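Novice: Show me the folded form of this:
(4 chains)
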Number of protein chains: 2
Amino acid sequence: MSSAAKTLQLLSFFSATRPEIGLSALCRLAKRDKATTHRHLQALEEAGFVEQNPLTRQYRLGPAFLQLAQVREQTVPRKESAVPVLKALAEETGETTHASVLSGSTVFALASCESTQHSTRVVIDLDKFPLHATASGLSILAFGPSDLMEIATANLKTFTSYTIKSKASLEDAVQSVRETGFGRTIRSFEDEVSSLAAPVFDKTGNLAGAISVACVATRFSPDLERKCQEHLIAASRDLTRGWGGTVPDQVEAVWAATLKNSNALDPIS
Amino acid sequence: MSSAAKTLQLLSFFSATRPEIGLSALCRLAKRDKATTHRHLQALEEAGFVEQNPLTRQYRLGPAFLQLAQVREQTVPRKESAVPVLKALAEETGETTHASVLSGSTVFALASCESTQHSTRVVIDLDKFPLHATASGLSILAFGPSDLMEIATANLKTFTSYTIKSKASLEDAVQSVRETGFGRTIRSFEDEVSSLAAPVFDKTGNLAGAISVACVATRFSPDLERKCQEHLIAASRDLTRGWGGTVPDQVEAVWAATLKNSNALDPIS
DNA sequence: AACCACTGGTTCAAATAATGAACCGATCAA
DNA sequence: TTGATCGGTTCATTATTTGAACCAGTGGTT
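Specialist: Numbers count the residues shown, from 1 in each chain, chains lettered A, B, ... in the order given. As a prediction, the model looks like this:
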């Protein structure tokens, strides 16, 4: 590990829950020498990446990040960071993938990617995802702002015979998403499509959008679902990271539980 | 210069106007070896501080900054409280406003706001303010830690024909800031810009940064200066308050004296 | 007041990791 | 083909990083 890498690693110990760290504490966290850590901190301080609280002498993240984050946002808008994640997800699952962003109370399509693995594949060309009828919409209802539920129930448009039609069944569906961490729809938007989606979060820790896999319904087996779940988790983490956030622990927990359950049901794995 | 410092320095070459840089270009900018620079970039990439554009292979700032900027703002919420103050100040004066923070011995740009009142306005895109050549820098020299003076005199870079060039004239300028409470520069950083700045303090009672108005030089009349002074006082009080501090009585006193003098000179107001 | 346990910070010989000229393979233009 | 880029890699040389031991200061206990 290079000296630069060690220096940079120190920054990763700062978080919202541990915003200020003293020299000795940081040595323990990083399992490194005091002299070394001190020199590393001085290099970081010079660059504006950390500063010392003049009262407590503890170190905290510096103001340089505000500037650099601004440049990053100007350099890489959200769509661009979604594309590689969607590509990877499409390749891994062999199905079509979508990313969407919540803006106000509308779920906008951001980008999508078709897998080349199968000759039949899902091609959905929409720019707004209905909240009640898509896996992405359900994910966003489950983990997004609570006032969305009202808007969703006011717009229960029917797309197929499977589309959710009542407020009660929508609430059930959303509750199930909260418990599993995945939005899930079977033929509810298009007759031949079943989807699985995961929420994506941004730097404010709020829900920012969703990422989904749209499967040809006849291919949507428990095995495929399991595979989609695994890769959706990775994809959501990646995209959340690309948008500057971290997946909330609570969501990670329900994902872990869901995967465990599906393991239990499937004695092979 | 430590290897870590060299690595970190690479990041400073990225900006809104130069968001992506290739390996060779970065070597030229940093005046360093290609192998070395490449290794440094790899360390940065591993930490998420840079990433490569998969198409062009050029490097750009990474997503880690979004997270770390978020943590920084949660730790020391400065930018958030500065924005409305800058906005108000820009509106009141009709000129561009800046806020900066002192970290270590560097003055970082925090945020800025352009007035919509005039069609010609000052647009300054820098991330570090030179201590000797900007109104903000002079304010910080005047009311900040005394060891800054050494650093400033060691870095008397010339920007325009008006830029302060000698230790003696810098000391004079700083003394004048102490007496008036305002940093003041006439065309000293950019040829067409004259600025006025006031110090901002934090909860420890120490200087934390500065707030400034950058005027198109040809508009910088005594009337406008007077107006800027009045509103800068209010803005500095607001921002200091937003950062949990209070403006020291001694600074308030020199402000009051300055306003009184300019009243005496200007019988109209 | 003496003692202890803890800070943050510094020193210097020993050891390790950074360095850069030269090199490779690709790409592009003339 | 040639030449001038580009990004990336190699390895002997060299300079930098390293950490045990050391200060100095602080707050709590005996």
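Novice: gap between the two ends of stretch A:205-222?
Specialist: Start-to-end span of stretch A:205-222 (C-alpha to C-alpha, to the nearest Å) is 31 Å.
Novice: I figured A:L68 was touching B:L66, is that so?
Specialist: No. A:L68 is beyond contact range of B:L66, at 9.3 Å (criterion: C-beta atoms under 8 Å). Bear in mind the C-beta positions are built from the backbone N, C-alpha and C, glycine included.
Novice: Distance-wise, check the residue lying closest to A:R60 once chain neighbours are set aside relative to A:G62.
Specialist: The shortest distance from A:R60 to any non-neighbouring residue, by C-beta to C-beta, 6 or more residues apart in numbering or on different chains, is to A:E20 (4.5 Å). Applying C-beta to C-beta, to the nearest Å, the value for A:E20 to A:G62 is 12 Å.
Novice: Who has more neighbours out of these two?
Specialist: A:G62 (26 against 17; other C-beta atoms under 10 Å in any protein chain shown).
Novice: So A:V200, which state does it fall into?
Specialist: Put simply, A:V200 is strand when judged by DSSP: H, G, I helix; E, B strand; the rest coil.
Novice: which residues does it contact?
Specialist: Going by C-beta atoms under 8 Å, 6 or more residues apart in numbering or on different chains, A:V200 touches A:A99, A:L207, A:A208, A:G209, A:A210, A:I211, A:S236, A:L239, A:T240, A:W243, A:G245.
Novice: I'd like those residues written out as TSV, with neighbour count, secondary structure and distance to B:G144 added.
Specialist: TSV is the format used below for the contacts of A:V200 (neighbours: other C-beta atoms under 10 Å in any protein chain shown; DSSP: H, G, I helix; E, B strand; the rest coil; distance: C-beta to C-beta, whole Å):
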residue	neighbour count	secondary structure	distance to B:G144
A:A99	27	strand	46
A:L207	24	strand	42
A:A208	24	strand	39
A:G209	31	strand	43
A:A210	32	strand	48
A:I211	29	strand	47
A:S236	27	helix	45
A:L239	29	helix	42
A:T240	28	helix	39
A:W243	23	coil	37
A:G245	23	coil	35
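Novice: any idea which of these is closest to DNA strand D?
Specialist: Set against DNA strand D, the nearest of these by C-beta to the nearest atom of the strand is A:L239 (23.4 Å).
Novice: what sits against that closest one?
Specialist: Under the criterion of C-beta under 8 Å, 6+ apart, the contact partners of A:L239 comprise A:S81, A:A82, A:V85, A:A99, A:V200, A:I211.
Novice: Repeat that for A:N155.
Specialist: Contacts here follow C-beta under 8 Å, 6+ apart; on that basis A:N155 touches A:P130, A:L131, A:H132.
Novice: For the stretch 1-150 of chain A, give me the ranges with low pLDDT.
Specialist: For the stretch 1-150 of chain A, the stretches flagged by pLDDT under 70 are A:103-104, A:117-122, A:124-127.
Novice: one more time with 80
Specialist: A:1, A:54, A:79-80, A:102-106, A:108-110, A:115-128, A:147 (pLDDT under 80).
Novice: Point out the residues in it that sit beside DNA strand C.
Specialist: A:2-4, A:22-25, A:34-35, A:38, A:41, A:52, A:57-58 (C-beta under 7 Å from any atom of the strand).
Novice: Now the closest residue to A:R178 other than its chain neighbours: which helix or strand?
Specialist: Leaving aside its sequence neighbours, A:R178 sits nearest to A:A142 (C-beta to C-beta, 6+ apart; 4.8 Å). For A:A142, the host element (DSSP states H and E) is helix A:135-143.
Novice: and that helix, what does it pack onto?
Specialist: strand A:96-103, strand A:106-113, helix A:148-153, helix A:167-180, strand A:183-186, strand A:193-201, strand A:207-216 (3 or more C-beta pairs under 8 Å, 6 or more residues apart in numbering or on different chains; DSSP states H and E).
Novice: what's the last one packed up against?
Specialist: Yep, that's strand A:207-216 we're talking about. Identification of packing neighbours for strand A:207-216 by 3+ C-beta pairs under 8 Å, 6+ apart yields helix A:78-93, strand A:96-103, strand A:106-113, helix A:135-143, strand A:193-201, helix A:222-242.
Novice: Read off the pLDDT value for the residue nearest to A:F220 when sequence neighbours are not counted.
Specialist: Leaving aside its chain neighbours, A:F220 sits nearest to A:S194 (4.0 Å; criterion: C-beta to C-beta, 6+ apart). According to the per-residue confidence, A:S194 scores 93 in pLDDT.
Novice: what sits against A:S194?
Specialist: A:S194 touches A:R184, A:T185, A:I186, A:R187, A:A214, A:C215, A:A217, A:F220, counting by C-beta under 8 Å, 6+ apart.
Novice: Fine by me, we can end here.
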